[in-house]
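*Asks:* Need coordinates for the following:
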Amino acid sequence: MKKSVIMLLCGIMIFPLVLQGQRKYAIDRGSLIASGSAGFRIYNDDQDWLTNFSFSPNLQYFIIPNLAVGGSIDVDYLTRYYNQGSHSFSRTIFGIGPAITYYIGKAGSRLYPFFHASAYISYLASESGTENWLNSFSFSGGLAFPISKNVALTGEAYYSYGKPKDFPGQHEIGLSFGLATFIY
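*Replies:* Just a heads-up that it's a prediction; the model follows:
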């Protein structure tokens with residue numbers, strides 16, 4: 001067992017080094033991208049105050065120049081407070097699924113416009129004991145602005161739709177900002 005774990009860890013550490021000489025620029029075939037965004041918002045729905053935190057990391061591999069495939073994780077935590085300030089409800093959603101991103105650009109580009117799509121199967125749990133499964137997908141378009149050879153700031157407009165089992169679906173449109181690291 002120890003030998004298998006050591007071999008796996010060595011393989012994970014050596015893999016990027018093997019690919020190192022094969023890539024010429026950030027969105028070239030063989031590059032990796034680790035990216036993500038986080039959000040925090042407080043809002044009032046004319047009845048109660050809500051606090052929401054979300055975190056969405058992605059890891060993708062460029063199978064051909066400009067086209068990356070991989071996976072995404074989505075974590076979302078929401079707390080609702082009554083107008084009197086007492087805690088009333090909280091729920092957590094954890095999702096995982098495939099992702100695909102197409103970048104427009106070439107070696108030396110100053111900006112990388114992109115289109116992204118992902119789908120999730122998510123587990124929803126609330127402190128009241130409610131549990132449910134949620135299927136969702138999202139589409140976005142945005143820009144990756146390199147701030148160094150391997151790091152870019154990202155901004156995107158997105159649309160997402162999620163539907164819990166036995167409940168109506170929810171549409172969401174918004175803006176998201178994050179960070180991307182290109183390994184090449």
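
*Asks:* Spatially central, which residue of this structure would that be?
*Replies:* Ser56 (3.4 Å; Cα atoms, centre = their mean).

*Asks:* Quick check: bridge partners of the residue nearest to it when sequence neighbours are not counted?
*Replies:* The shortest distance from Ser56 to any non-neighbouring residue, by Cβ to Cβ, 6 or more residues apart in numbering, is to Asp74 (5.0 Å). Just so you know, the C-beta spots here come from the backbone N, C-alpha and C atoms, and that holds for glycine as well. Judged by DSSP bridges, the bridge partners of Asp74 are Gly95.

*Asks:* can you count the residues close to Asp74?
*Replies:* 22 (other Cβ atoms under 10 Å).

*Asks:* Torsion angles phi and psi at Asn150?
*Replies:* The phi and psi values for Asn150, taken as degrees, to the nearest 10, are phi -120, psi 0.

*Asks:* neighbours of it, just the number please.
*Replies:* Around Asn150 there are 14 residues (other Cβ under 10 Å).

*Asks:* buried set for the helix or strand where Ser90 lies?
*Replies:* Using DSSP states H and E, Ser90 sits within strand 87-103. Within strand 87-103, the residues that qualify as buried are 91-93, 95, 97, 99-101, 103, counting by 16 or more other Cβ atoms under 10 Å.

*Asks:* who does it touch, helix- and strand-wise?
*Replies:* Packing partners of strand 87-103 (3 or more Cβ pairs under 8 Å, 6 or more residues apart in numbering; DSSP states H and E): strand 48-64, strand 67-82, strand 112-126, strand 131-146.

*Asks:* Make a markdown table out of those and add mean pLDDT and distance to Gly39.
*Replies:* Output for these, formatted as a markdown table (pLDDT from 0 to 100; distance: least, Cβ to Cβ, whole Å):
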| stretch | mean pLDDT | distance to Gly39 |
| --- | --- | --- |
| strand 48-64 | 91 | 5 |
| strand 67-82 | 91 | 9 |
| strand 112-126 | 94 | 16 |
| strand 131-146 | 94 | 13 |
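
*Asks:* I'd like the ones you listed laid out as a markdown table, including distance to Gly36.
*Replies:* A markdown table is the format used below for these (distance: least, Cβ to Cβ, whole Å):
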| stretch | distance to Gly36 |
| --- | --- |
| strand 48-64 | 4 |
| strand 67-82 | 9 |
| strand 112-126 | 12 |
| strand 131-146 | 13 |
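
*Asks:* closest one to Gly169 among those?
*Replies:* strand 131-146 (8.8 Å; Cβ to Cβ).

*Asks:* Now the next helix or strand after that closest one: average pLDDT?
*Replies:* Following strand 131-146 in sequence order, the next helix or strand is strand 151-164 (DSSP H and E). Strand 151-164 shows a mean pLDDT of 93.

*Asks:* Who are the packing partners of the following helix or strand past strand 151-164?
*Replies:* Using DSSP H and E, the helix or strand that directly follows strand 151-164 along the chain is strand 170-183. Where contact means 3+ Cβ pairs under 8 Å, 6+ apart, strand 170-183 is packed against strand 32-44, strand 131-146, strand 151-164.
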